[in-house]
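Participant: Provide a 3D model corresponding to the input given below.
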Amino acid sequence: MVAALVLTPAELQVRLGRWERLGTMQRDFAVPWDHIDSARAISDMWRNILGWRWPGIGVPHVVLIGRMVHRDGRDFCAIYMDRPGVILEMHDEPYRRLLISAPGDVVQAIIQRVTQG
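Facilitator: Numbers count the residues shown, from 1 in each chain. All right, here's what the predicted structure looks like:
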């Protein structure tokens, strides 16, 4: 199952499938809109990965799901195949960035919501 992004008036919810939760030791989580500093659409998600995966599952250009640890903090990734997605930069959250493969209409809705404030 692919991670699902659900937009609500108060927050962006990240919902993981059973196997994703098991492989990453991560539950579903939510990020308040005012904690998201920027959002951008990305066609090549793999070029934006930083650090080392811990824990998670990774096969290059097939799947990367889990936490990436690097010197500037931690990111959460849910990247599938060569699908485009969104990168969110955040503050006051356990993760510095979210890198998630998502359909174009969802990505555009997120970008619109973040840029509108």
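
Participant: which elements pack onto the one helix or strand residue 115 maps to?
Facilitator: Per DSSP states H and E, residue 115 falls inside helix 104-116. When contacts are defined as 3 or more CB pairs under 8 Å, 6 or more residues apart in numbering; DSSP states H and E, helix 104-116 packs onto strand 4-7, strand 36-42, strand 85-90. In this view, the C-beta of every residue, glycine as well, is placed from N, C-alpha and C.

Participant: quick one: least confident helix or strand in the protein?
Facilitator: helix 18-24 (a mean of 91; mean pLDDT, DSSP states H and E).

Participant: and it, what does it pack against?
Facilitator: Packed next to helix 18-24, using 3+ CB pairs under 8 Å, 6+ apart, are strand 52-59, strand 63-70.

Participant: partner strands of the last one, parallel or antiparallel?
Facilitator: If I follow you right, that is strand 63-70. strand 52-59 (antiparallel), strand 73-80 (antiparallel) (DSSP bridges).

Participant: residue 94: how many residues sit nearby?
Facilitator: When neighbours are defined as other CB atoms under 10 Å, residue 94 has 12 of them.

Participant: follow-up on the earlier one: okay, the least confident helix or strand of the chain in PDB with CA atoms only?
Facilitator: The C-alpha trace of helix 18-24 is given here as PDB (Å, rounded to 0.1, in the frame of the first residue of the first chain):
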ATOM      1  CA  ARG A  18      -0.100  -2.100   7.700                       C
ATOM      2  CA  TRP A  19       3.200  -3.200   6.000                       C
ATOM      3  CA  GLU A  20       4.500   0.300   6.000                       C
ATOM      4  CA  ARG A  21       3.800   0.700   9.700                       C
ATOM      5  CA  LEU A  22       5.500  -2.600  10.400                       C
ATOM      6  CA  GLY A  23       8.500  -1.900   8.200                       C
ATOM      7  CA  THR A  24       9.100   1.600   9.600                       C
END
